[in-house]
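1. Kindly return the folded structure for what I paste below:
(2 chains)
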Amino acid sequence: MRSYLKMFKELLIRPEARSVRKAPPMPSDREWSQPLAGSRIKSLLDKSSDIVFREFVLRGKKEIPCLLAYVDGLTDKNLIDHYLLKILMVDLSGAPELAEVTEETVVQTVFDRLAPASELKKVKLLGEALDGVLGGDAVLFFGEQHEALVIGVRNWPNRGVQEPETESVVRGPREGFTETLRTNTTLLRRKIKHPSLRIVSLKLGDLTRTDIVVVYVEGLARPDVISEVLKRLSRIKMDGVLETAYLEEMIEDVPYSPFPQIAYTERPDVLAAGLLEGKVGILVDGTPIALSVPVVMAQFLQVGEDYYERAMIVILIRFIRYLGVLTALLAPSLYIAVTTFHQEILPTKIALSVAAGREGVPFPALLEALTMTLALEILQEAGLRLPKPIGQTIGIVGALVIGDAAVKASLVSPIMVIIIGLTAISSYTIPAYDLAIAVRLIRIPMMILAGSMGFFGLGLGLYALLIHLLSLRSFGYPYLSPLAPLRIRSLLQDTLVRAPWWALKHRPHLIDTDRPRSGGKR
Amino acid sequence: MQRISIHQFMILSAAILLGTTFMPVAQATAQTAGRDAWLAVMPAYSLAIPWGYMILYLAKKHPSLTLMQIAEKLLGKWLGKGINLMYAGITGYFAALLSSQLVDLFRRSILPLVPTTVVAGGILLLVVILAWSGVEVFARFAEIVFPLVALGLIVTALFSVPRFEWGEFLPILENGWMPVIWGALAIAPFAMEYPLFLAGILAFLPKGEGPRLKAGVWKAVLLVGLLDTMITLIQTMVFGPEETKRLNYGLLALGKMIEISKTVSGVESIFMLIWMGASILKITGLFLGAIWGIEQVTGWKSKGWLYIGVGLLLLGIDLNKPGGAALVLEIAWVDQYLILPLVAMGVPLLMVAEFWQRRRQRR
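-> The predicted structure is shown next:
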């Protein structure tokens, strides 16, 4: 019992104080910070068939045995063969450049004169050399020297830059992030060609040693947010980081909230726009999803396209989205509350029409709605991961065939089918998948409250939800800002509506309170 | 340390001043002022300004302290603790009464069959959660809910315009100013409820913003005074002064009469949701006041069990209260015989003690 209580208590501790999962020490971990040696690298990696060890001799004043290590498939063999091995073994074999080279001077001589690579660095620790080899670089060891050269020859098959399927736009750039980190930073650099774009690299994951970069625009991003991001990332200790979701759960402010507190995107333009608003981005090697912080709830209802269309159109579209969220959250609950408790709110004709529709239905409105919602959730989940044509078929079978049959069998009323259908369609107006799922999750307790206590129950649920949202923060920023704390300018500039570009005189209040944005009328 | 902004202070002040006063204000003023009841509202709420200013003056002299801490500092430990104990008891009891009034309102209007315990428990649960979330969250909650409450009242007024009996409006001041003054005195305790909250929130206000805080007080008074004046006016114009005197929850009756484009009628259930927000704001403000008072008297720190304990105590009081006219009378009694004397005398007493101490230091 005590252990269960302890476990429960640990689960409730906020992330700052929560001890993170530690991987068992691996054999190589102990030697990570040891001085390097080619033989040690070989003994650590020689059981892996994809690692290539190429031994050769450099003919200097004496013959110096060398070892070149790299991972087959992650490197460009053409570069290694023609611009490294050929120079060291054939072109300069016994040449004057090498004639005076000894074991003590070989590293510096090769570095200065013989390795024509733009990306070249000296390493002294075993860990650095391992990172180099396993990260796709070629590492050149010289005899028993405790120094080696890491040569940048990374090249592996990767998916090209394509339009992201989950964030497609009618108007706007068609490129999306890929699984290769360097490609992603390149895409970002192409958007922001300014020296203040900072890209800070780190490695996370004891076993995966995943490359991670934190990107921000110096001068726009708040220093407290940058340091908080780096602090939270550096606290993470886990076996592997295979996707940004791993990090998201580890660094978000309130882990037990259904609401997303970190935004994600696959689009470089969206991330670049975020950086220009002072946000901090996090990119992880191996995934096209980039995170950005801090974030407020209103930003989950905005899409990149909002800034590519004309302002008047965007105002209408945003209004439709807000309406969609409210409908997706409240439509079934309102219907249940009105039909169960507050029929007096409906004029007689409408009340009679609703009553006629429900005639013969053996279930109370709450049970009817819950069953329909559950059926809808099953249909959505079933259709989500199936190939598109089959997914569509499932939707048609579910919506038309089963729905129609249920109404004909008097198991559900036609109005309930309309309400649930409207709810489902409305939930698709929410651009952020995370937020849409949170709304779906909260809809069910709302329905139960409305079914058991009418509008009072609905009020309880709504006010409790409001208190929860108000207590959320994303990296210190109130989640419902600029609504609460109220920032009229932000609210009218780029939240409820989107002012035309020429009127967006100030940066978002969330990030920068004082400085005007360049451009726009003053 | 949590801090709230000037705007949040203004909205919180307005929310606490308004609370659920829009329910009894018309009846209370119409009892003596008749058709001129609406004229009595603004002078009554104006009383909150001098008391508010006095408290802000004391806060300026003793930065980052609550009025309870100031009381102990100025009046000595035991007298200060005695006053603080009274403050905590009265504030907590009044919160329970207001909660009971909200439950009664739900029972009489839209939820006659749902058990009272469930409604009362639900309301106090929200109050405890909101209070426990902290003053910043409470202030942000007010920023969202108070404008909705104000909007709800304005919409009620607008939809009542077709039912206005213009003959009920004139003649103005038929019986002179005296009924208006008596009417204002009848609701003067409403204004005195505000310092109960201000006493504790002092510690969370921004420093060095005296003039802006004072502006916040009068803006809140003006806003709430106008809203309650409007509500009183529409009730007297729709029901007439005699019927307004008789109706315990006149605004609720008004809500029942509204019909929007022959599509939605009897919208009092929708307005109840909004008014529920107003009640929760006021009850939470008073609940926090009671907690701050208890903490000051006992020296206990803010702990979850303290909030739950006070919440359960309030629930116990709430469930044992009668509804209807008896409850309205009890609220009026607490207002007039407990809150009014405590605030009307307590704050000036602290001012006198402050001046006396300053004078003694100067010598």
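2. how close does the residue lying closest to residue B:60 once chain neighbours are set aside get to residue B:66?
-> In space, residue B:60 comes closest to residue B:210 once its chain neighbours are excluded; the distance is 5.4 Å by Cβ to Cβ, 6 or more residues apart in numbering or on different chains. Where C-beta positions appear, they are placed from N, C-alpha and C, glycine not excepted. For residue B:210, the distance to residue B:66 (Cβ to Cβ, to the nearest Å) stands at 17 Å.
3. So between those two, which is more surrounded?
-> Of the pair residue B:210 and residue B:66, residue B:66 is the one with more neighbours under other Cβ atoms under 10 Å in any protein chain shown, namely 23 against 15.
4. Am I right that that one is in contact with residue B:291?
-> No: using Cβ atoms under 8 Å as the test, residue B:66 is too far from residue B:291 to be in contact (11.2 Å).
5. so who does the closest residue to residue B:227 other than its chain neighbours touch?
-> The spatial neighbour of residue B:227 that comes closest, neighbours along the chain excluded (Cβ to Cβ, 6+ apart), is residue B:153 at 5.5 Å. Contacts for residue B:153 were tallied using Cβ atoms under 8 Å, 6 or more residues apart in numbering or on different chains; they are B:22, B:227, B:230, B:231.
6. Need the residues you listed in TSV (columns: pLDDT).
-> Shown next, in TSV, are the contacts of residue B:153 (pLDDT from 0 to 100):
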residue	pLDDT
B:22	87
B:227	94
B:230	93
B:231	91
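7. Closest one of those to residue A:189?
-> When the contacts of residue B:153 are compared for distance to residue A:189 (Cβ to Cβ), residue B:227 wins out at 55.6 Å.
8. what about that closest one, which helix or strand?
-> Under the criterion DSSP states H and E, the helix or strand holding residue B:227 is helix B:210-246.
9. still on that earlier bit, let me know the angle separating the helix or strand the residue nearest to residue B:227 falls within from helix B:210-246.
-> Residue B:153 belongs to helix B:135-160 when elements are defined using DSSP H and E. Orientation check (axes from the mean of the first three to the mean of the last three Cα atoms, to 10 degrees): helix B:135-160 against helix B:210-246 gives 40 degrees.
10. mean confidence score for helix B:135-160?
-> With pLDDT averaged residue by residue, helix B:135-160 scores 91.
11. Next SSE downstream of that helix?
-> Moving toward the C-terminus from helix B:135-160, the next helix or strand (DSSP H and E) is helix B:178-186.
12. hmm, who's touching that next one?
-> By Cβ under 8 Å, 6+ apart, the residues outside helix B:178-186 that reach it are B:28-34, B:36-37, B:39-41, B:43-44, B:173.
13. Let's see stretch A:190-197 as CSV, backbone CA atoms only.
-> Extracted as CSV, the C-alpha positions of stretch A:190-197 are listed here (Å, rounded to 0.1, in the frame of the first residue of the first chain):
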residue,chain,number,x,y,z
ARG,A,190,17.1,29.8,-46.2
LYS,A,191,14.1,31.6,-44.6
ILE,A,192,16.1,33.7,-42.1
LYS,A,193,19.3,34.8,-43.6
HIS,A,194,20.4,36.9,-40.6
PRO,A,195,23.4,36.4,-38.3
SER,A,196,21.1,36.6,-35.3
LEU,A,197,19.6,33.2,-36.1
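14. burial count for the closest residue to chain A within the stretch 51-200 of chain B?
-> Scanning the stretch 51-200 of chain B for the residue nearest chain A gives residue B:140, at 3.7 Å (criterion: Cβ to the nearest Cβ). Here the number of neighbours of residue B:140 (other Cβ under 10 Å) works out to 29.
15. Please name the nearest non-neighbouring residue to it.
-> residue A:484 (3.7 Å).
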